[in-house]
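Asker: Pasting the sequence and the predicted coordinates here, then a few questions.
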Amino acid sequence: MTHKRLITAGGFFLAGLLVVTVAGCMTVGPDYAVPVASVPSAWNSKTGVDVTRTAGADSASLSRWWAVFNDPVLSELVERSRTNNVDVHQAAARLRQARAQRAWALADRMPTVAASGSASRSRGSEETGGGSTSTIYANALDASWELDLFGGKKREIEVAEATLQASENALRDVLVSLVAEVALNYVDYRSYQTRLEITETNLAAQAETYALTCWRQQANLVTQLDVDQARMSLEQTRAALPTMRTGRDQAEHQIATLLGLAPGSVTSLLAGRHAVPVASGEIAVGVPAEALRRRPDVRQAERKLAAQTAQIGVAEAERYPDLSLSGSIGLESLTGGHLYTAGARTAQGAAKAGWTLFDGGRIRQKVAVQTALQEEKLGAYEAAILTALKDVEDALVAYANELERRGALRDAENAGKSAFQLARAKYESGLIDFQTVLDTQKSLLTVQNTLASSDAEVTADLIRLYKALGGGWDPQVRESETTSEKQ
């Protein structure tokens, strides 16, 4: 009889395996397919600068675009931020969570097997029984398995896998934004340094002009009005210095924060005056389809859509019957010495099936909710595509027009320097009044500061272009692997 029970339990699981093989061909819910997006074949922006737009953007260059500036300090700041930034650590933690959830979903399809052992001793009542004492020894191996008849668990795995991939792209998106922010703040820092140097140089020139005016007033060649005007211009220029120092120091503090450090921690690294970094070489932006494939935010939105599509199948599976199998084989004996004999063997098996016949429409509404959420995720994906296209178009326009603006400002600076030298020489000769000198000096300072800002803005616009193209991460490296190695 014991052997028959064992055969029955084994046959029960074989029957269950057959059911899984047959029913496994059926998976409820919609099968996901990547939506076909309407993407232009070329960029729309019409600019007058030489920007390569149709050549394929080099993936390796985009992944480390900051190297085109040939600035060792910038490169070090970027590398340190990628390792120490707080937002990166948080995104990596969310990625590890998604990876564990996928492993959990995979494990949930497998049978559960547990082993147990026990020994019990009991004594009956002499009033109601014989007052005998008995001991029972037992070992057992229990197994249970919920069969995935209609693919609900398969859809759960699809959800977990797509969610993991979305988390990978979320981390990549953090990296893209991070390296751009580090570079932009570094450009701000160097820009303020340059503008401070320009202002200090002009302050020295204005101090000379003020001294010259004082000498001429003492010689009764000019009036006190000229002296006061020279002093006013001098102090106005001096008043601009604290504001620029504030901007410079705040940029430094922001860089430290992006590196996961306290303000003041990167002062030594930024020490010394350096010009705003300038890119060398041609810019290859590729075609719109390439940018969309590379943008982590677009990839993330598409993976979220895939996960939500699978969620419909998870909800749909609740409409169908479920079946679970359980079984146990073990040993029982009244004495420890006979526990591992053939006569001590026990076995049992069971099957449980369930099917919701009426729930007031709860499952149907749950499916409707998941379907509506899928439509929402589809809208988010389409919006991400439009945003990505707009970001690149905006960056192209801004970069090209700022280049043109910078060229005009350089011509204005050259003319301003010549005008100031000529005005000062004529003033010293008494041919013009002092107001003309002041006007040309102020105009020159304004143009020089504007040109310095334009130099920084050209580089900043290029950085925004690299960001819009999704540069800053390596497509050959799977984030789920790199983050696990770093832990």
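Answerer: All right, it came through fine.

Asker: got a list of what the residue nearest to residue 262 when sequence neighbours are not counted touches?
Answerer: Nearest residue to residue 262, sequence neighbours excluded (CB to CB, 6 or more residues apart in numbering): residue 256, at 6.4 Å. Where C-beta positions appear, they are placed from N, C-alpha and C, glycine not excepted. Under the criterion of CB atoms under 8 Å, 6 or more residues apart in numbering, the neighbours of residue 256 are 262, 263, 264, 265, 266.

Asker: ok, the residue lying closest to residue 336 once chain neighbours are set aside - how many residues close by?
Answerer: Using CB to CB, 6+ apart and skipping the chain neighbours, the partner closest in space to residue 336 is residue 137 (5.2 Å). Neighbourhood size, residue 137 [other CB atoms under 10 Å]: 20.

Asker: now do the one 3 residues further on
Answerer: Burial measure for residue 140: 17 neighbouring residues, criterion other CB under 10 Å.

Asker: go on, residue 235?
Answerer: For residue 235, using other CB under 10 Å, the count is 12.

Asker: can you tell me how far residue 229 sits from residue 431?
Answerer: 18 Å (CB to CB, to the nearest Å).

Asker: Those two: which has the busier surroundings?
Answerer: A side-by-side neighbour count of residue 229 and residue 431, using other CB under 10 Å, places residue 229 first with 20 against 10.

Asker: which parts of stretch 256-275 are buried?
Answerer: 256, 257, 258, 259, 260, 261, 266, 270, 274 (16 or more other CB atoms under 10 Å).

Asker: Which members of those define the maximum pairwise distance?
Answerer: Farthest apart among the buried residues of stretch 256-275 by CB to CB are 260 and 274. That separation is 23.5 Å.

Asker: What segments of the chain are helices?
Answerer: With DSSP state H as the criterion, the chain has helices at 2-23, 59-63, 72-84, 86-107, 152-218, 224-258, 288-294, 296-316, 362-428, 434-468, 479-486.

Asker: Comparing these by mean pLDDT, which bottoms out?
Answerer: With a mean of 45, helix 2-23 has the lowest mean pLDDT of these.

Asker: Would you mind putting the contacts of residue 256 into TSV with pLDDT and distance to residue 347 alongside?
Answerer: Listed next are the contacts of residue 256 as TSV, based on pLDDT from 0 to 100; distance: CB to CB, whole Å:
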residue	pLDDT	distance to residue 347
262	95	67
263	94	71
264	92	73
265	94	68
266	94	70
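
Asker: Widest-spaced pair of these?
Answerer: Going by CB to CB, the pair spanning those furthest: 262 and 266, at 9.8 Å.

Asker: out of the contacts of residue 256, who's nearest residue 77?
Answerer: residue 266 (7.3 Å).

Asker: Next, the contact list for the closest one, please.
Answerer: With CB under 8 Å, 6+ apart, residue 266 has these contacts: 77, 252, 255, 256, 259.

Asker: any idea how far residue 66 is from it?
Answerer: Using CB to CB, residue 266 is found at 16 Å from residue 66.

Asker: From residue 120, how far out is the closest residue to residue 140 other than its chain neighbours?
Answerer: What sits nearest to residue 140 in space, not counting adjacent residues and going by CB to CB, 6+ apart, is residue 330, at 3.3 Å. Look at residue 330 and residue 120: by CB to CB, they are 14 Å apart.

Asker: what do you get for residue 218?
Answerer: Here the distance between residue 218 and residue 120 works out to 116 Å (CB to CB).

Asker: returning to that earlier point: how confident is the prediction for the residue nearest to residue 140, by pLDDT?
Answerer: Residue 330 carries a pLDDT value of 83.

Asker: Please name the bridge partners of it.
Answerer: Taking DSSP bridges, one obtains residue 140, residue 346 as the residues bridged to residue 330.

Asker: what residues are up against it?
Answerer: 138, 139, 140, 141, 345, 346, 347 are the contacts of residue 330 under CB under 8 Å, 6+ apart.

Asker: do that again at 10 Å, thanks
Answerer: Taking CB atoms under 10 Å, 6 or more residues apart in numbering as the contact definition, residue 330 lies against 115-118, 138-142, 344-348.

Asker: hang on, the earlier thing: and of the contacts of residue 266, the nearest to residue 235?
Answerer: Set against residue 235, the nearest of the contacts of residue 266 by CB to CB is residue 252 (27.0 Å).

Asker: is it true that the closest one touches residue 186?
Answerer: Yes. Contact criterion CB atoms under 10 Å: residue 252 and residue 186 qualify, at 9.4 Å.

Asker: mind giving me the domain split of this structure?
Answerer: With domains defined by automatic domain parsing, the chain comprises 1-28+113-147+324-354, 31-109+150-320+362-486.

Asker: Which stretch among these is buried most, on average?
Answerer: Greatest average neighbour count among the domains of the chain goes to domain 31-109+150-320+362-486 (a mean of 18), per mean count of other CB atoms under 10 Å.

Asker: so what sits against both of residue 262 and residue 266?
Answerer: Common neighbours of residue 262 and residue 266 (criterion: CB under 10 Å, 6+ apart): 253, 256.

Asker: For the closest residue to residue 267 other than its chain neighbours, list the residues it contacts.
Answerer: Closest residue in space to residue 267, ignoring its immediate chain neighbours: residue 252 at 6.7 Å, by CB to CB, 6+ apart. Residues in contact with residue 252, defined by CB under 10 Å, 6+ apart, are 185, 186, 188, 189, 192, 263, 264, 265, 266, 267, 269, 270.
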